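Asker: Based on what follows, work out the 3D shape:
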Amino acid sequence: MWSYPCKDLFQLTRETYWWTTYSYIKTEIRKAGETTSHLPEVILNNFNTRLGLTVGRMFASLFPHDPQFNGRRVITFHNQRDFIFFRHHIYQFRNEKKCGLHELGPRFTLKLRSIQKGTFDSKFGEYEWMHKRHEMDTSSRKFNL
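Answerer: Numbers count the residues shown, from 1 in each chain. You can find the predicted model right below:
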């Protein structure tokens, strides 16, 4: 599909590690809708910091950049208090002024643990960012993402 020169591939690669704090699969969601084959729109909310922009770009790169708007599929990544909420919806027009959302699933919440540059190397790898629990969790007002 995509081809990159081999020497640049290692500079483009980032390994991310996440904690999954909350998850529901499609069968656990009440009245979950059916997924269509249309390409979704991707919405990234609240990725404002330098680290947030990096993470937001990584999520955006997972999906094609030419959404099919007639399918009305929406995938949302919402950053709030360093937790990233993932939701998958279809929006439906009820009349000319009202619009409703119908959840398709899955639904999960992520917390970033670390971002490592290059290929995976737990001993000598270069970390761009790492969650330091005792230093970072003391303040409830300072957020990284």
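Asker: contacting residues for residue 25?
Answerer: Neighbouring residues of residue 25 by C-beta atoms under 8 Å, 6 or more residues apart in numbering: 105-106. From N, CA and C alone the C-beta is placed, and that goes for glycine too.
Asker: if I look at it, how far off is residue 82?
Answerer: Here the distance between residue 25 and residue 82 works out to 24 Å (C-beta to C-beta, to the nearest Å).
Asker: List the contacts of residue 87.
Answerer: Residue 87 makes contact with 75-76, 78, 103, 107 under the criterion C-beta under 8 Å, 6+ apart.
Asker: between those, which is nearest residue 113?
Answerer: residue 78 (18.7 Å; C-beta to C-beta).
Asker: Check the secondary structure at that closest one for me.
Answerer: When classified by DSSP: H, G, I helix; E, B strand; the rest coil, residue 78 comes out as strand.
Asker: In contact with it, which residues are there?
Answerer: 43, 45-46, 84-85, 87.
Asker: Which element, helix or strand, includes residue 122?
Answerer: Remark: residue 122 resides in no helix or strand, with elements defined by DSSP states H and E.
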